[in-house]
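[1] dropping the sequence and predicted coords here.
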Amino acid sequence: MTAFADECRALWQGRRLLWVMTRREIEARHAGTAVGVLWSYIQPLLTVAAFYLVFDVVFAMRMAGAEGARSHGAGMFLIVGMLPWMAFSDAVSRGMNSLLEAGSMLQKNPLPPVLFPMRSVLASSLVFGPLMVLVATLYVVTNGGGRAALALPVLWLGQLLLSAALAYALAILTAALRDVTQVVAFMLSVGVYLSPILFPVTMFPEGWRWALWLNPMACYVVAYQSVMLYGEWPALHLWLIALAWLVAVAAALSVLVRRSRDQLVDWL
């Protein structure tokens, strides 16, 4: 993990530059539009509003709770899982392409490559983070959460670290092999169906539930549901799965950084 530690050190030393790059990333996403950066918040909010309007107001659909004792509107259920998934997907997809987009800059300036994936991930977190706070506050007040709500900042931090490590690892792989972009884009498009976002875990065949945990976001989605829908502290196995994924991705990233250090700029 030495290479991983070196990247963390470089990230800390360049934290001021990273903040400037992150602000410019957000501003550049909707440059030239009438409302500017507000579009970054409007689009997810419209998606959330559409879920609620269609499923809870128009169709009045209900979804059973974890134990079948409590039920929630289908739109409310979808929002809890879909918003974190949108944040994860946006961070990973943008971070994955960040090194290719910064290729000419890296060839001319000896900047740490880690700054560019992290810029994309932080920009996404600054967009979806406030939305998560807003939605979580509404859900916790409505459904009760008490001390269980204290798990939400830890879950968001874990998701941020996972997104950053995965985005950087995929950015290196994309620099080496452009086909990675197509593969990951497909996996992100179908990943929403392989996590308990569109359905409760109890609806998935019991003998195949282990397959859900092959999606790194599944444990976070279930944990968010536990807190916001049922007011319960996430189960221990969810924390362990999240930690296992984070350690595995960090270890893989360390190997990729070490092996690509002398060739990365040439690949770009």
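    Yep, it's here.
[2] the stretch 51-200 of the chain: helices as residue ranges?
    Assigned by DSSP state H, counting those that start in this stretch, the stretch 51-200 of the chain shows helices spanning 74-96, 98-101, 103-108, 115-143, 151-176, 179-191.
[3] what's the closest of those to Asn215?
    helix 179-191 (5.7 Å; CB to CB). For glycine as for every other residue, the C-beta is placed from the backbone atoms N, C-alpha and C.
[4] could you tell me the angle between the helix or strand that comes right after that closest one and helix 115-143?
    Using DSSP states H and E, the helix or strand that follows helix 179-191 in sequence is helix 218-228. Calculated by axes from the mean of the first three to the mean of the last three CA atoms, to 10 degrees, helix 218-228 forms an angle of 30 degrees with helix 115-143.
[5] tell me the angle of helix 218-228 relative to helix 179-191?
    Going by the same axes, to 10 degrees, helix 218-228 makes 40 degrees with helix 179-191.
[6] contacts for whichever helix or strand comes after helix 218-228, please.
    Using DSSP H and E, the next helix or strand after helix 218-228 towards the C-terminus is helix 236-260. Applying CB atoms under 8 Å, 6 or more residues apart in numbering, the external contacts of helix 236-260 come out as 1-4, 6-7, 155, 158, 161-162, 165-166, 168-169, 172-173, 175-176, 213, 216, 218-220, 222-223, 226, 267.
[7] which residues are in contact with the most centrally placed residue in the chain?
    Centroid-nearest residue in the chain, with CA atoms, centre = their mean: Phe88, separated by 1.8 Å. Contacts for Phe88 (CB under 8 Å, 6+ apart) come out as 159, 162-163, 217, 220.
[8] which of these sit farthest apart?
    Pairwise distances across the contacts of Phe88 (CB to CB) peak at 10.2 Å, for the pair Ser163 and Tyr220.
[9] tally of neighbours for Leu194?
    Leu194 has 15 neighbouring residues, counting by other CB atoms under 10 Å.
[10] surely it meets Asn215?
    Yes. Counting by CB atoms under 8 Å, Asn215 is a contact partner of Leu194 at 5.0 Å.
[11] any low-confidence regions in this protein?
    By pLDDT under 70, the weakly predicted segments of the chain are 1, 31-36, 56-72, 144-145.
[12] any idea which residue of it is furthest from its center?
    In the chain, the residue that sits farthest from the middle, by CA atoms, centre = their mean, is Lys108; the gap is 30.9 Å.
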